[in-house]
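Visitor: structure for this input, please:
(chains A and B)
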Protein chains: 2
Amino acid sequence: MKPVNVGLLGIGTVGGGTYTVLTRNAEEISRRAGRPIRIFAVADRNLEHARNIAKDACKITDDAFAVVGDPAVDVVVELIGGYDLARELVLTAIHNGKHVVTANKALLAVHGNEIFAAARKKGVIVAFEAAVAGGIPIIKALREGLAANRIEWVAGIINGTTNFILSEMRDRGLSFAEALAGAQRLGYAEADPTFDIEGIDAAHKATLMASIAFGIPVQFDKAYVEGITRLEAIDLKYAEQLGYRIKLLGIAKRREDGVELRVHPVLIPAKRLIANVEGAMNAVLVKADAVGATLYYGKGAGAEPTASAVIADLVDVARAATTDPNNRVPHLAFQSDQLHDLPILPIAEAETACYLRLTVADKPGVLADVTRILADQEISIDAFLQREPKEGKTDVIMLTHRCKEKQADAAICKIEDLSAVVGKVTRLRLEDLQ
Amino acid sequence: MKPVNVGLLGIGTVGGGTYTVLTRNAEEISRRAGRPIRIFAVADRNLEHARNIAKDACKITDDAFAVVGDPAVDVVVELIGGYDLARELVLTAIHNGKHVVTANKALLAVHGNEIFAAARKKGVIVAFEAAVAGGIPIIKALREGLAANRIEWVAGIINGTTNFILSEMRDRGLSFAEALAGAQRLGYAEADPTFDIEGIDAAHKATLMASIAFGIPVQFDKAYVEGITRLEAIDLKYAEQLGYRIKLLGIAKRREDGVELRVHPVLIPAKRLIANVEGAMNAVLVKADAVGATLYYGKGAGAEPTASAVIADLVDVARAATTDPNNRVPHLAFQSDQLHDLPILPIAEAETACYLRLTVADKPGVLADVTRILADQEISIDAFLQREPKEGKTDVIMLTHRCKEKQADAAICKIEDLSAVVGKVTRLRLEDLQ
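Guide: Residues are numbered from 1 along each chain as shown, chains lettered A, B, ... in the order given. Next comes the predicted model:
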């Protein structure tokens, strides 16, 4: 049978992995797909590097547009990353009637609606399993495996860098800065780690999962994004004493009035399976009405895990090529004319329990003031931890029941105004994930 | 768009759940599938019960053959269970050109090769996501999500009844008989629990996973099957002290010389995520060359979790109807002419580490004899635990390094012959699952 000819844009880490796995497992993959899948053309700025890696590719060029315009290429794999050039290449490939596989979450979270609309118009597929949680087939699970369900929420550890840093902070009592430096030394964090540690990468992925779970357009600009840069080791310790772990979660939750879409550090009960996902591993927990809770766990990054997802998409594309386009799995899980316009809710409307840490002067009446302020905002307290006073001051840690973010904001503001409260209140969100 | 007409055979627990979920989530499912999926005809021996549940079905009958012969039915969902009648109905449906969705692992593990061959001949689909691990989309993950990989092994907690019993034995120190009685009271075990507690159900599922993972025909008769009926609470306790949990695993492992296919209780390091899967939950751990380890967790049984998988298959069937049959996902993941003839290895050839518990007379030289026997079989000892002697006897627990089953068998035989060893040696297998 005629092979599927792949045009590979970018042969860096993931591109190299894709080439390696397609070559090493060529027989196994072709036994599954019913036809060989081969890298036909490669475009990379570094021609010498490309020639060293892709020894069997027919064409190697530094002109990516030559690849997306090559009539012999059936599928374009975009692994360049970034926004502008990637967008132009993907749209050109689509315009030329080529299917596209991409690992570029940033591109899809920001330009997804435009790209998917162009693909529908041309009857081609844009597949992006590798864009979320690396090698874990979570897009397939959400889009196809759970198609019977009304999905209630999705909560995921979808950034390995930050999970590694949090594991190191907890295990070894490091500060954020120390753990970040260690992660950079070990190659788990990039020289400029902003996208990871500020939660932007996780928010790109959560945005895509929200669309697929609930059938809404991609709306990254409405996501609430908070990273782990302000986390203190002491809070990880207190959380542990209260029976929790702190993880950076990407959360998409359906409510009557809209969708919560948020990325921030979260306390999770330590006994939950997802709380025990350590190091650079990823996991996504999905709550759906028929199946209940399901969890998907694996490597969220790296050359071959990501290549695994890219190639799964290539096999899917090879199969779906003969399907009536109307019968293919829709890009965002729901038929494009069936996307709903559920609003993404502002973070002030989000509901979570809270972890509050405050330093107070060790004198009578302070706690009465604090609890009265919470009661005024209709926030009730679930657990309480007080440290031994030191130099006339003490740390007070409270876990609250669920409340709206704006209630917590108002209470925190008033608590910080109390004369006996020293400095700022540390607030972390807590999710039970039941 | 024309709805997909489903003919439902059997409207018991899972059939009822399928009807409920298809009705409750009709809009959501049709937004995904691009067309409505509806129960058109129902066959059940209990007509009154069927009429009470399937209020909107066009046809209700007690003649299942009328449904598989009905020209208006597009897809037959077989939820009758068992071997003979189910086989006849499924083959008749296929003969009549209808796609089939089934949750019947027993049927497919035993008659799968015949059924898949018939389906290929007629160009219809036989889908069976619900046959393994209930609502967890593990068939889809293995067959499509990991299509890039050479799968090395699959190990799963794929029987909720036995996992519930093991959790109860561990948590509450119950004997097997007590935990089983409790599981029966709570509806987690059937009145005749043989299929579950003897490991047969898990072996059916492991058989299907082995075929899909390695591209081999279905060979249930070659599987090694050992249940949990002979497990003693004391071994769960000793395992815990050594840092392990005992789980009933279905294991399919590829080796150079063939495939290990076995179900039996296994010690797993307690820190592994899969060791912490408790109660009636299921989880499958897959080790593959590109993606590494991935884990899939969720409810493995129950009306709606299983219905979730049945309906996901219905959506897949609705989509694949317009695909060139040669391009569809193959029933056993690999193209049918590409199935390999890797032998299933006899259990004597399987390699695992061992947990050995023996009761010995408290006198000098016994341990020297035991360790010499192990050394003669080239079995080395990894960990050792000895209890306080009581009434002149003591329990000795040893963990060995990996060895072949036949080496362990030979050693155990000789150890039991020692005059200082009282009764039988208890042997459990241990898997590191790294």
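Visitor: next SSE downstream of the strand or helix carrying A:Leu367?
Guide: Assignment of secondary structure by DSSP states H and E places A:Leu367 within helix A:366-376. Sequence order places strand A:381-386 as the next helix or strand after helix A:366-376, per DSSP H and E.
Visitor: and that next one, what does it pack against?
Guide: Counting by 3 or more CB pairs under 8 Å, 6 or more residues apart in numbering or on different chains; DSSP states H and E, the packing neighbours recorded for strand A:381-386 are strand A:393-400. Heads up, the C-betas are built off the backbone N, CA and C, glycines and all.
Visitor: hey, C-alpha coordinates of the strand it packs on in CSV?
Guide: Listed in CSV are the C-alpha atoms of strand A:393-400, where the atom choice follows Å, rounded to 0.1, in the frame of the first residue of the first chain:
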residue,chain,number,x,y,z
LYS,A,393,4.2,36.2,66.8
THR,A,394,2.6,33.0,65.5
ASP,A,395,1.5,31.4,62.3
VAL,A,396,-2.1,30.6,62.0
ILE,A,397,-3.3,28.2,59.2
MET,A,398,-6.9,27.8,58.3
LEU,A,399,-8.7,25.6,55.8
THR,A,400,-12.1,27.0,54.8
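Visitor: next, the buried residues of that strand.
Guide: For strand A:393-400, the neighbour count (16 or more other CB atoms under 10 Å in any protein chain shown) marks A:394-400 as buried.
Visitor: ok, the residue nearest to A:Leu399 when sequence neighbours are not counted - contacts?
Guide: Sequence neighbours aside, A:Ala383 is the residue nearest to A:Leu399 in space, at 4.2 Å (criterion: CB to CB, 6 or more residues apart in numbering or on different chains). For A:Ala383, the contacting residues are A:242, A:398-399, by CB atoms under 8 Å, 6 or more residues apart in numbering or on different chains.
Visitor: can you redo these as a markdown table with pLDDT?
Guide: Compiled in a markdown table, those are given as follows (pLDDT from 0 to 100):
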| residue | pLDDT |
| --- | --- |
| A:Leu242 | 95 |
| A:Met398 | 96 |
| A:Leu399 | 97 |
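Visitor: chain B: which of those residues is nearest?
Guide: A:Leu242 (19.9 Å; CB to the nearest CB).
Visitor: quick one: the residue located most distally from the centre of chain A from A:Ala420, how far?
Guide: Outermost residue of chain A with respect to the C-alpha centroid, by CA atoms, centre = their mean, is A:Pro364; its distance is 45.4 Å. Applying CB to CB, to the nearest Å, one obtains 10 Å for the distance of A:Pro364 from A:Ala420.
Visitor: what do you get for A:Gly292?
Guide: Separation of A:Gly292 from A:Ala420 (CB to CB) stands at 46 Å.
Visitor: cool, and A:Pro325?
Guide: Following CB to CB, the distance that separates A:Pro325 from A:Ala420 is 66 Å.
Visitor: cool, and A:Ala318?
Guide: Here the distance between A:Ala318 and A:Ala420 works out to 68 Å (CB to CB).
Visitor: between those two, who's got more neighbours?
Guide: A direct count of neighbours by other CB atoms under 10 Å in any protein chain shown for A:Ala318 and A:Ala420 places A:Ala318 higher, at 26 against 18.
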